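> Output the structure for:
(one chain, ligands or ions: 1)
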Amino acid sequence: MVLLSNVIAFFIRNHLLTVVEGRASSQSHSINNNPPAISYSTGTGGWEHALVKANAFIARLNLTEKVSMVTGDNGPCIGNIAPIERLGFSGICMSDGPTAFNRADLVSIFPAGLTAAASWDRDLIYQRALALGSEFRAKGSHVGLGPVGGPLGRHPLGGRNWEGFSADPYLTGVAMASSVRGFHDAGVQSCSKHFIGNEQETQRSNTVFADGTNIEAVSSNIDDRTLHELYLWPFADAVKAGTTSIMCSYNRVNQTYACENSELLNGILKKELGFQGYVVSDWFATHSGVKSANAGLDMTMPGTIDVESLSAGTGLSYFGANLTTAVNNGSVPMTRLDDMVRRIMMPYYFLGQDKNFPTTDPSAMHVLAAQYGASLGVPEIPARDVRKDHAKIIRKLGAAGTVLLKNLNSTLPLKSPKNIGVFGNDAPDPTDGLTIISDGSFESETYGYDIGTLDVGGGSGTGRHSSLISPLSAIKSKAQEIGARVQYITSNSRLASNDFRSIFPTPDVCIVFLKTFASEGRDRTSFENDWNSTAVVNNVARKCPNTIVVTHSGGVNTMPWAKNPNVKAILAAHYPGQESGNSIVDILWGDVNPSGKLPYTISEHESDYDIPVTNLSSVTAVDEWQADFTEGLMIDYRHFDSKNITPLYEFGYGLSYTTFSLSSFSVSKLVKNPPAIPDASKAILPGGNPDLYSPLLTASTKVSNTGSLAGSTVVQLYISLPQDSVPAGTPLRVLRGFEKVALKPGESKDVKFTLTRRDVSYWDVIAQTWRIPRGEIKVSVGFSSRDLKGEGSVTVLSK
Ligand code: BGC
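Okay, here's the model as predicted:
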């Protein structure tokens, strides 16, 4: 029998061991000699009423209560702010994550962020967040720890890229804003994470060795322009959409830990972007008290138990009693502490969380106990079922986020095969159960499980399935409906050894399911799909001239078998969530016409991607982990374009069962002679200077369905700034608009794009503002970053 408190401690300890490879360090190195002043909230941008309520609440708090409002506590959720009963405040519950309500039963597993991005469908991305948000609310969680805008995807093998959206900041920004709105419309707070530069998992936190030596976390060394145009861009969109909180990340940025980096938190986030909500630390990412509080950290998590205190069990925190002392001795001004509480309470009132908010599902501790092999010694409490009909949107988005990469001889959609072969360890139900179990070390999750389909990644962003439709089971159901037989081999080792003796006669079509595991806590090590995938595909294709490959993956893969003539079709299905099998059957048999587009680039060769994860073999110096982002803006397709490397499948690419054309492209100016930089006298609103978002250009085109099936496509707009009047390192072209359009056969629709000042500017590091370059700006529309159909140019500012 295990006591509840032991389960909590056990849970925290396990979480701790998995997320922090060492003890928090008191040493950190700042390059800021004059850190920006504290940025105070004003409630501007729609939170004015919430500010009044928050101020009234603060006026009733004593110092200890104020401190408890900003310091995490024990409780049923992964993050807890303790109740203050005398004021009728029942506390704040925060839960993971961006893809599912994690560590809970009777919840839905949604398509991953990467899958959502591959749909390029704003509305579906919003619907996903709305449905997921409603599950958080119904479970009694005030804050959903998502969406993810960082990692952005600097590294194709980044372990958490699947939690976020796309390696392109514009697409990620749109997805962040849609997700923030979806969460808020469901009545839960969003927590846009991880701010910023958390592009690799390797050494994301500091390490303390047995002898006490401390090695600092990796420092992401990012220049100002790259920060603004790439990594900050999607966070600006999240702030503009009103995101209620931002999670600062584990890593250092330009030598200073992100959660105590005044330049980033006070300076860029709160002042430049006008962020009104609160900054919460990633779990155990706080490395100081006074310094962090004054730098802009508003809440520390998990708060009560720092690494140092675990063995002693004393529950020390960098905040807590230490913050009380710091306020009493004047190191942290009382006005700053008040602002921390105000920033935390404004979103709470803004979303009406003070009224009729559901209680926390009491099954939470039982689920946790089960997950850690413990028992509470009292009868289990069944979970509150919050799934509603979310399986529908999951199935729909799972299909919408599937990208058709190859389709020789119109192999797909399947006609009426009577003998279907299904191959690969990703096809069947998992033999180990429906939850990826961590034993306290993410190392155990390195390769994921062998037999069983993979619909979601590992780490805090995963979820416990109550239902999982595998491809094999869905194909069997379909086969029964159409009177076909299904033969299968799901052992990759048998397939890799070319043993097909159990198969006769050779199937009319062979569908191979491959998977690639990705998880928090580690970066991937292989570009190819896991489990001997290349041998598996080559052997099946040798046996079966009509082979189709489906990948379930958390990111970029190389596909050495892509040009094999027997591989007739390829589908990148990403992590589709719990309806995986149904989503892929919808595509395979043509009930859904594929419309997904790649949110990243698939290279022909591994070496075409040239930014390896920083991974040092033996480190002795405290500061040795340095990741210099010297490629600047040239990640993903921008890199391939700048080096003139032909990818296997480019960013934005994806086929359909029908065909589309574009015609009548035009671009025009909305404002005659706009100033080169935004009007600095404008009051900052959430998202930054509002002038940045004023429309300057409009573009239009006509898209037609020229085939014989109904379908959707994504019209994409790219701009090229005049290379001779922008600083070196400007990409050849960047995405600045997209529209998903559904068309019946023969139908045409007009598509209009509006481009804002920010869309056609670059970050001027000297003037410290966005600047429109002089000269001709090229605007192109097409169906991918390399399939451009219409091109025009416009001079916003003449030379
Ligand atoms: C992750 C966060 C997560 C937090 C709470 C950390 O390890 O980086 O994304 O929200 O844990 O589980």
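> near the ligand, which residues of this structure show up?
19, 78, 96, 97, 145, 193, 282, 283, 460 (C-beta under 6 Å from any ligand atom). Any C-beta I mention is one placed from the backbone N, CA and C, and that applies to glycine too.
> Between the residues you listed, identify the one with the most neighbours.
residue 145 (31 neighbours; other C-beta atoms under 10 Å).
> Include pLDDT when you put the residues of the chain next to the ligand into JSON lines, please.
What follows is the residues of the chain next to the ligand, written out as JSON lines (pLDDT from 0 to 100):
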{"residue": "19", "pLDDT": "35"}
{"residue": "78", "pLDDT": "94"}
{"residue": "96", "pLDDT": "95"}
{"residue": "97", "pLDDT": "90"}
{"residue": "145", "pLDDT": "98"}
{"residue": "193", "pLDDT": "98"}
{"residue": "282", "pLDDT": "97"}
{"residue": "283", "pLDDT": "94"}
{"residue": "460", "pLDDT": "93"}
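> who touches the residue nearest the centre of the chain in this structure?
For the chain, the residue sitting closest to the mean C-alpha position, by C-alpha atoms, centre = their mean, is residue 164 at 1.4 Å. By C-beta atoms under 8 Å, 6 or more residues apart in numbering, the residues touching residue 164 are 98, 113, 114, 147, 148, 149, 150, 151, 152, 153, 172.
> pretty sure residue 696 is in contact with residue 761, am I right?
No: using C-beta atoms under 8 Å, residue 696 is not in contact with residue 761; the gap is 9.3 Å.
> who has more neighbours, the two?
Neighbours were counted for residue 696 and for residue 761 using other C-beta under 10 Å; residue 761 has more, 23 against 20.
> quick one: the residue nearest to the centre of the chain from residue 179, how far?
11 Å (C-beta to C-beta, to the nearest Å).
> same check, this time on residue 639
Residue 639 is 27 Å from residue 179, by C-beta to C-beta.
> Regarding residue 474, what is its secondary structure?
Using DSSP: H, G, I helix; E, B strand; the rest coil, the structure places residue 474 in helix.
> That one: neighbour count?
21.
> who's more crowded, residue 639 and residue 179?
residue 179 (31 against 22).
> I'd say that one and residue 127 touch.
No: look at residue 179 against residue 127 with C-beta under 8 Å: they stay out of range, at 10.4 Å.
> what's in contact with the one helix or strand residue 789 maps to?
Assigned by DSSP states H and E, residue 789 belongs to strand 788-795. Here strand 788-795 makes contact (C-beta under 8 Å, 6+ apart) with 661-669, 697, 699, 701, 718, 775-783.
> tell me the mean pLDDT over it?
Summarised as a single mean, pLDDT over strand 788-795 is 96.
> what sits against the closest residue to the ligand within the stretch 501-650 of the chain?
Across the stretch 501-650 of the chain, no residue is closer to the ligand than residue 520, which sits at 6.0 Å (C-beta to the nearest ligand atom). Each residue near residue 520 by C-beta under 8 Å, 6+ apart is listed here: 19, 159, 160, 163, 201, 442, 457, 458, 459, 460, 461.
> Just give me the closest of the residues you listed to residue 301.
residue 19 (10.9 Å; C-beta to C-beta).
> where are the low-confidence patches of the protein?
Across the chain, the ranges flagged by pLDDT under 70 are 1-33, 305-315, 438-446.
> and the gap between the nearest residue to residue 132 once chain neighbours are set aside and the ligand?
In this structure, residue 132 finds its nearest non-sequential neighbour in residue 110, 5.4 Å apart by C-beta to C-beta, 6 or more residues apart in numbering. Per C-beta to the nearest ligand atom, to the nearest Å, residue 110 is found 16 Å from the ligand.
> isn't residue 110 right up against residue 133?
No: assessed by C-beta under 8 Å, residue 110 is found out of contact with residue 133, at 10.7 Å.
> Neighbour count for those two, which is higher?
More crowded of residue 110 and residue 133, by other C-beta under 10 Å: residue 110, with 30 against 26.
> Could you double-check that residue 193 lies in contact with residue 250?
No: using C-beta under 8 Å, residue 193 is not in contact with residue 250; the gap is 10.6 Å.
> Neighbours of residue 722, how many?
Neighbours of residue 722 using other C-beta under 10 Å come to 17.
> Contacts only, for it.
Contact partners of residue 722, counting by C-beta under 8 Å, 6+ apart, are 773, 774, 775, 776, 777.
> excluding its backbone neighbours, what's nearest it?
Here the residue nearest residue 722, using C-beta to C-beta, 6+ apart, is residue 775, at 3.5 Å.
> Is residue 781 in contact with residue 713, as I believe?
No: applying C-beta under 8 Å, one finds residue 781 not in contact with residue 713, separated by 11.6 Å.
> Let me see the contact set for the closest residue in space to residue 542 that isn't next to it in sequence.
Excluding the flanking residues, the one nearest residue 542 by C-beta to C-beta, 6+ apart is residue 566, at 7.2 Å. Going by C-beta under 8 Å, 6+ apart, residue 566 touches 541, 542, 544, 545, 546, 547.
> can you give me the strands for the stretch 351-500 of the chain?
Assigned by DSSP state E, counting those that start in this stretch, the strands in the stretch 351-500 of the chain fall at 403-407, 419-423, 485-489.
> so which of those comes closest to residue 88?
strand 403-407 (50.4 Å).
> what's that closest one in contact with?
Contacts for strand 403-407 (C-beta under 8 Å, 6+ apart): 118, 412, 559, 562, 567-574, 587, 594, 596-598, 602, 649, 653-657.
> now do 6 Å
118, 569, 570, 571, 572, 594, 596, 598, 649, 654, 655 (C-beta atoms under 6 Å, 6 or more residues apart in numbering).
> just to revisit the earlier point, show me which of the contacts of strand 788-795 are buried.
662, 665, 667, 697, 699, 701, 718, 775-783 (16 or more other C-beta atoms under 10 Å).
> Report the two of the residues you listed separated the most.
Maximum pairwise distance in the buried ones among the contacts of strand 788-795, criterion C-beta to C-beta, is 27.4 Å, between 775 and 783.
> Three-state assignment for the closest residue to the ligand within the stretch 251-400 of the chain, please.
Going by C-beta to the nearest ligand atom, the ligand is nearest to residue 283 of the stretch 251-400 of the chain, at 4.0 Å. Assigned with three-state DSSP, residue 283 falls in the coil class.
> Tell me if I'm right that it and residue 303 touch.
No: in this structure, residue 283 is not within contact of residue 303 by C-beta atoms under 6 Å, at 9.4 Å.
> Which stretches in the stretch 551-700 of the chain count as helices?
Secondary structure of the stretch 551-700 of the chain (DSSP state H, counting those that start in this stretch): helices at 580-588, 637-642.
> now residue 386: how far from residue 465?
The separation that residue 386 has from residue 465, given C-beta to C-beta, amounts to 14 Å.
> Can you spell out the domain ranges of the chain, please?
2-21+44-371, 402-592, 654-795 (automatic domain parsing).
> so how far is the shortest one off the chain centroid?
To tie it back to what came earlier, the one meant is domain 654-795. 24 Å (C-alpha atoms, centre = their mean, to the nearest Å).
> likewise stretch 157-172?
That offset, for stretch 157-172, works out to 6 Å (C-alpha atoms, centre = their mean).
> okay, how far is it across it, tip to tip?
Stretch 157-172 has an end-to-end distance of 18 Å (C-alpha to C-alpha, to the nearest Å).
> Now it: buried residues?
So for stretch 157-172, counting by 16+ other C-beta under 10 Å, buried means 157-172.
> can you count the residues close to the nearest residue to residue 204 once chain neighbours are set aside?
Spatial nearest neighbour of residue 204, excluding adjacent residues (C-beta to C-beta, 6+ apart): residue 250 at 4.4 Å. With neighbours defined by other C-beta under 10 Å, the count for residue 250 comes to 26.
> Now for residue 250: which residues touch it?
Counted by C-beta under 6 Å, 6+ apart, residue 250 has contacts 204, 205, 217, 282, 285.
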